[in-house]
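> Next comes the sequence, and after it the predicted model I'd like to discuss.
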Amino acid sequence: MLASSLKIDGALEFTPRTFPDDRGVFVSPYQEAAFVEAVGHPLRVAQTNHSVSRAGTIRGIHYADVPPSQAKYVFCPRGSFIDVVVDIRVGSPTFGQWDAVLVDSKKCNAVYLAEGLGHAMIALEDDTTMNYLCSTVYTPSGEHGLTPLDPALDLPWPREFEFLLSEKDTAAPTLSEAYEAGALPRYEDCLALYASLKA
């Protein structure tokens, strides 16, 4: 399992070995030993999520209150998507920046994003399937969103698609609006949470 840090602290790409043969392929998308070595603590899995999306579907930008927030480990059993991590932690050296990874069912790679980071994706094929391992359960009162079409962020959505968004994501505020409203996680709170997970 190869672990590679993204340019946003707290976000990594994991790429496992695949074992193809005449029957198909075998792969382990999540491997605890490699994860702990790269991140510094185990991933507590409280909930798994599964979504299937049409080509051009954008989900996000989603995030949760810190604490407890929600770390995610995301991979693609079918199809392909661009996974985007946005640093929305007020006070972070990379606040307002993002990084993106092509995640697909051939490479079988995964993206991990720590608590306090924003997450979004776009499906590149019909029936693209995304699986998430989540560190906490879904808590509606603590879940928030930003518009993935924020021109100030200029996220890397391929222009050949007609974008499909939920009503909630379409109506979500920009990063600047959420900042002015005091609705974003604080970097210092995130660092304290990360330290507690490694204790």
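On my side now, so go ahead. Residues are numbered from 1 along each chain as shown.
> only C-alpha atoms for contact and neighbour calcs from this point on.
OK.
> Spell out the residue ranges of the helices in this structure.
All helices of the chain, identified by DSSP state H, fall at 32-39, 167-170, 175-180, 187-198.
> Can you list the neighbours in contact with the shortest one?
Contacts to helix 167-170, defined as Cα atoms under 8 Å, 6 or more residues apart in numbering, come from residues 59-61, 145-148.
> ok, now with 7 Å
For helix 167-170, contacts defined as Cα atoms under 7 Å, 6 or more residues apart in numbering pick out 60, 145-147.
> As JSON lines, the helices of the chain with mean pLDDT, distance to residue 111 and mean neighbour count would be great.
Shown next, in JSON lines, are the helices of the chain (pLDDT from 0 to 100; distance: least, Cα to Cα, whole Å; neighbours: other Cα atoms under 10 Å):
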{"stretch": "helix 32-39", "mean pLDDT": "98", "distance to residue 111": "11", "mean neighbour count": "14"}
{"stretch": "helix 167-170", "mean pLDDT": "96", "distance to residue 111": "21", "mean neighbour count": "14"}
{"stretch": "helix 175-180", "mean pLDDT": "98", "distance to residue 111": "22", "mean neighbour count": "15"}
{"stretch": "helix 187-198", "mean pLDDT": "97", "distance to residue 111": "18", "mean neighbour count": "15"}
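> got a markdown table for the ones you listed, with distance to residue 50 too?
Below are the helices of the chain laid out as a markdown table (distance: least, Cα to Cα, whole Å):
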| stretch | distance to residue 50 |
| --- | --- |
| helix 32-39 | 20 |
| helix 167-170 | 18 |
| helix 175-180 | 27 |
| helix 187-198 | 25 |
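> so which of those helices gets nearest residue 110?
Of all those, the one in closest proximity to residue 110, counting by Cα to Cα, is helix 32-39 (11.1 Å).
> what are the bridge partners for the most centrally placed residue in the chain, then?
The chain has residue 119 as the residue nearest its centroid, 4.1 Å off, counting by Cα atoms, centre = their mean. Beta bridges link residue 119 to residue 62, residue 85, judged by DSSP bridges.
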